[in-house]
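Colleague: Build me a model from this:
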Amino acid sequence: MIIAADNLNVLHPRISEALRTLDPVPLQEMARLCEKAGAQFLDINPGYLSPRELDRMTFLVEAVQEVTALPLILDSPQAEVLARGLRVCRSKPILNALTLEERRLQEVLPLAAEHQTPLVLLLVDRQSLVPPTLEEKTSVALELAERALAAGLQPEHLIFDPVLPHLSWPDAYSQISRGIHLVRLLSSGVLFKEPVRTMAGLSNLRSGQRNIYPRRVEEVCLAMLAGAGLDLGLINVLNPEVQSLARTIQALGEFI
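Modeller: Take a look at the predicted model:
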C-alpha cells in the first residue's frame, strides 16, 4: 500500500492562510514534515477557487516542488485548477477526481486523456451523491471506467475511490462496509476480470469533527481496507497512530 499525505489541504488553517497571503513557507514546512513522516505522494488540495484565484494551484505546486521531489496528487473538482497544476508539475501527477457529474465528464476527463495521467474515479453519481448500495457503487464504477477508456485512457491509469462516508452520516458504518467490499472486488479482479488500483481518503471519516469521533476508527478502517487490497491510502501522515499503522501494513505487505 502506498501512503499519500492529505495534509496540504485548504481545510488546514495554516495551509488556508498561506494560500490567502501567498506565503510559501508554511506549505514547504508541511511538505517536508510529510516526507519525513513517510509520505510517498502529496495530495495538493486548494479547495474551490474563484476565477480570480485559479493561480493558487500553480503557487501551491511550485512552492512544494522547491523542497521535495515526491510525486503529487492534484485534487480539485475544477478542470482549470487541475490544468494549471499540470502545467507546472515536474513529473506526471495523479488527477483527483472524475465523477459521473456531467461537468467533470466534459472537462476533467478530456484533460486526463490529453495528458495520459493517472485519474481517480470517485464513485459519485450524476446527482453528486454517493450511491448507497454495493450494486449501485459497482454500476458507477463500471460506467466511469467505460467512459474513461472510451476517452483514450488506459486501464493502468484508472484508480477507483469508493468514497468513505463521514461518520455523521446515518448509514456511515454500512457505507464503510460496502466500500471495503468494493475495494476487495476491484483489487481481486472480480469486477473487471483483472485487478485494478484503488484509493481511499481516511480523513473523510472525521473531517471537521475530530473531537467528536475517535481517531481509532481511521486506524481500523485503514487496516481493513489494506486487507481488502487497497493500493493507495490518503491519510493524515502526521497522526502518529495512523502513520505507525500504515508503516506496519507496508512492512507486512512485503512478505505477503
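Colleague: where does the stretch 101-250 of the chain have low pLDDT?
Modeller: Applying pLDDT under 70 to the stretch 101-250 of the chain flags no residue at all.
Colleague: Let me see the ranges of the helices in it.
Modeller: In order along the chain, the stretch 101-250 of the chain carries the following helices (DSSP state H, counting those that start in this stretch): 102-115, 134-150, 172-188, 216-228, 240-253.
Colleague: any chance of those in a markdown table, with mean neighbour count and distance to residue 12 too?
Modeller: (Each C-beta comes from the backbone N, C-alpha and C, glycine too.) Supplementary listing: these in a markdown table, determined by neighbours: other C-beta atoms under 10 Å; distance: least, C-beta to C-beta, whole Å:
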| stretch | mean neighbour count | distance to residue 12 |
| --- | --- | --- |
| helix 102-115 | 17 | 24 |
| helix 134-150 | 17 | 29 |
| helix 172-188 | 19 | 23 |
| helix 216-228 | 18 | 16 |
| helix 240-253 | 15 | 16 |
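Colleague: Same list, the ones you listed, but as CSV with distance to residue 42 please.
Modeller: Rendered in CSV, the data for those read as follows (distance: least, C-beta to C-beta, whole Å):
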stretch, distance to residue 42
helix 102-115, 19
helix 134-150, 24
helix 172-188, 22
helix 216-228, 18
helix 240-253, 15
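Colleague: I'd like to know how many residues surround residue 76.
Modeller: Residues lying near residue 76 (other C-beta atoms under 10 Å) number 23.
Colleague: my guess is it meets residue 82, correct?
Modeller: Yes: contact status for residue 76 versus residue 82: in contact at 5.4 Å, counting by C-beta atoms under 8 Å.
Colleague: shared neighbours, those two?
Modeller: Counting by C-beta atoms under 8 Å, 6 or more residues apart in numbering, the residues touching both residue 76 and residue 82 are residue 57.
Colleague: Phi, psi for residue 10 please.
Modeller: The phi/psi pair for residue 10 (degrees, to the nearest 10) reads phi -60, psi -20.
Colleague: so what's the nearest residue to it once chain neighbours are set aside scoring on pLDDT?
Modeller: On the basis of C-beta to C-beta, 6 or more residues apart in numbering, the spatially nearest residue to residue 10 that is not a chain neighbour turns out to be residue 47, at 3.5 Å. Residue 47 is assigned 94 on the pLDDT scale.
Colleague: the strands in the protein, which residues?
Modeller: Shown for the chain, the strands assigned by DSSP state E span residues 2-5, 41-44, 72-75, 94-98, 119-122, 158-161, 197-201, 232-235.
Colleague: Could you dump those strands into a markdown table and include mean neighbour count and distance to residue 34?
Modeller: Below are the strands of the chain laid out as a markdown table (neighbours: other C-beta under 10 Å; distance: least, C-beta to C-beta, whole Å):
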| stretch | mean neighbour count | distance to residue 34 |
| --- | --- | --- |
| strand 2-5 | 22 | 4 |
| strand 41-44 | 25 | 6 |
| strand 72-75 | 26 | 11 |
| strand 94-98 | 26 | 16 |
| strand 119-122 | 26 | 19 |
| strand 158-161 | 25 | 20 |
| strand 197-201 | 25 | 15 |
| strand 232-235 | 26 | 10 |
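Colleague: Throw those strands into JSON lines and include distance to residue 52, thanks.
Modeller: Output for the strands of the chain, formatted as JSON lines (distance: least, C-beta to C-beta, whole Å):
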{"stretch": "strand 2-5", "distance to residue 52": "28"}
{"stretch": "strand 41-44", "distance to residue 52": "19"}
{"stretch": "strand 72-75", "distance to residue 52": "20"}
{"stretch": "strand 94-98", "distance to residue 52": "23"}
{"stretch": "strand 119-122", "distance to residue 52": "27"}
{"stretch": "strand 158-161", "distance to residue 52": "30"}
{"stretch": "strand 197-201", "distance to residue 52": "28"}
{"stretch": "strand 232-235", "distance to residue 52": "29"}
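Colleague: for the ones you listed, which one sits closest to residue 138?
Modeller: Closest approach to residue 138 among those is made by strand 158-161 (10.4 Å; C-beta to C-beta).
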